[in-house]
Structures are given as C-alpha cells and as structure tokens.
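A.B. asks: sequence plus the predicted model coming up.
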Amino acid sequence: DTGVSQDPRHKITKRGQNVTFRCDPISEHNRLYWYRQTLGQGPEFLTYFQNEAQLEKSRLLSDRFSAERPKGSFSTLEIQRTEQGDSAMYLCASSFGPPLGTDTQYFGPGTRLTVL
Amino acid sequence: EDQVTQSPEALRLQEGESSSLNCSYTVSGLRGLFWYRQDPGKGPEFLFTLYSAGEEKEKERLKATLTKKESFLHITAPKPEDSATYLCAVRRSNFGNEKLTFGTGTRLTIIP
C-alpha cells in the first residue's frame, strides 16, 4: 500500500502566475477529494470526484480553480492568476466507496503553496 | 450548515497523565464522525470512524466515543510521540454529499 502521493510537496510562486498540483490516489480507490488547509484551521472541502466525474464543488472553488481526473486515476488541481490569499496547504484524499469499501478518506502529505 | 467545534484548542499534559478531547457537532443527519491525527507539515492520518451514539473504538492509548451531540477522544497514559493535532470531522447523511466538515483541532503536547 503506497498511500496517496502529491507532487510537488512545496511550491513558491509569484502573484498572478498559474500553478498545477498533482495527486495520485491509492490504486483501487474510486473516489478522490481536494481540500485546502490554512494555518490553525481544519481542512476545508474543495471538490470531489467519483471515477472521472466531478460530482461536488464547494463555493470556495472560484472560477480561478479547476480540477480534473482524466480516466479516473490521478487528479490535477490548477489555480490560475494566483493571489496571496491562495497560500495554503492543498490536501488530496482518496477512498473506496460502498458497497465494497468503507469510504474512509485517506489523505496525502499535501502541497504547501506560498504566493509572494 | 454543518458545524464542528473542538475543545480545548491546546492541551499540555505530562507523560502518563490521561485526559480527554471534546468534539461537539451539529449536522443534518450524521453518516460518520471521523478522528484524524495530524503532525506538523503532514497530511491528516486516519484514526477512527464512529457511526452511531454509544459506539466506541480503541487503538493503543486512544479511545473514541460518540453521543448524539459530541464525541470524546480519550488518551490514556500518553507518551511524547502522541503529541500532534487531533482533528474531528463529520459527514452528513444524504448520499452524494461526501465532503467532510472539520473542526479546527486540538493541539496536544505531551511533556516527558
């Protein structure tokens, strides 16, 4: 079990630049989630995929944010025209939904984004 | 809107000193209350899922319990390696709404 992996682990960018993060879920998991966490807060839900379909999006996910999961495997989260308020830890989680799975969400190590 | 409130915000204990962390929640139908542990700079690590009032789960020095309004994470005879932030999260009952709503966590420090 290799766990959820995320790349890069750290990203420093200048305001106005675009950034893209990648998440590789646990291999048999059909559900994939993105969360954002700022210092001293709990993770906040951004979006969720079942296989390749994006089924739920938070109001936090502005037009500058887009997520994809082509072929139901890895996922990418892109932020366009970054702002300083986008600085946060971006967490990916995956789960294996019912009826065969418990749907427990397992998190990756996160990507720390700093916007200068 | 689902709400999760954790207390205390921070807790310092001597090694071996048992205590409890609290998670109060408001959710429109509960389909799971989750406890995670998070070390600095890392992603949350899954600990327990509780589904119904009266349910209890244990793992090493940790025991989680659930009532209709709150959950407790009891830590017995903690060791320094138990130092971490403990996060509580809820998922509501309507299928298709899969997000977890997290509290802000309790930062636990165990002093040797």
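C.D. replies: That came through fine.
A.B. asks: distance of A:Glu78 from B:Thr26?
C.D. replies: 34 Å (Cβ to Cβ, to the nearest Å). In short, each C-beta sits where N, CA and C put it, glycine included.
A.B. asks: oh, that last question was meant for B:Gln6, not what I typed.
C.D. replies: Taken as Cβ to Cβ, the span from B:Gln6 to B:Thr26 is 13 Å.
A.B. asks: with neighbour numbers in mind, choose between these two.
C.D. replies: B:Gln6 (23 against 13; other Cβ atoms under 10 Å in any protein chain shown).
A.B. asks: give the buried residues for whichever strand or helix holds the more buried one.
C.D. replies: Using DSSP states H and E, B:Gln6 sits in strand B:3-7. Buried positions in strand B:3-7, judged by neighbour count with 16 or more other Cβ atoms under 10 Å in any protein chain shown: B:4, B:6.
A.B. asks: distance from the chain centre to it, please.
C.D. replies: Remark: strand B:3-7 is offset 10 Å from the chain centroid, using Cα atoms, centre = their mean, to the nearest Å.
A.B. asks: same for that strand, what does it pack against?
C.D. replies: strand B:19-26, strand B:84-92, strand B:101-102 (3 or more Cβ pairs under 8 Å, 6 or more residues apart in numbering or on different chains; DSSP states H and E).
A.B. asks: ok now the shortest one, how far from the chain's centre?
C.D. replies: Strand B:101-102 sits 11 Å away from the centroid of its parent chain (Cα atoms, centre = their mean).
A.B. asks: then stretch B:67-87?
C.D. replies: Worked out by Cα atoms, centre = their mean, stretch B:67-87 lies 6 Å from the chain centre.
A.B. asks: straight-line length of that stretch, end to end?
C.D. replies: 17 Å (Cα to Cα, to the nearest Å).
A.B. asks: same deal with stretch B:69-89?
C.D. replies: 13 Å.
A.B. asks: and it, average pLDDT?
C.D. replies: What stretch B:69-89 shows for mean pLDDT is 98.
A.B. asks: and the angle from the strand holding B:Gln6 to strand B:84-92?
C.D. replies: Counting by axes from the mean of the first three to the mean of the last three Cα atoms, to 10 degrees, strand B:3-7 points 160 degrees away from the direction of strand B:84-92.
A.B. asks: no further questions, thank you.
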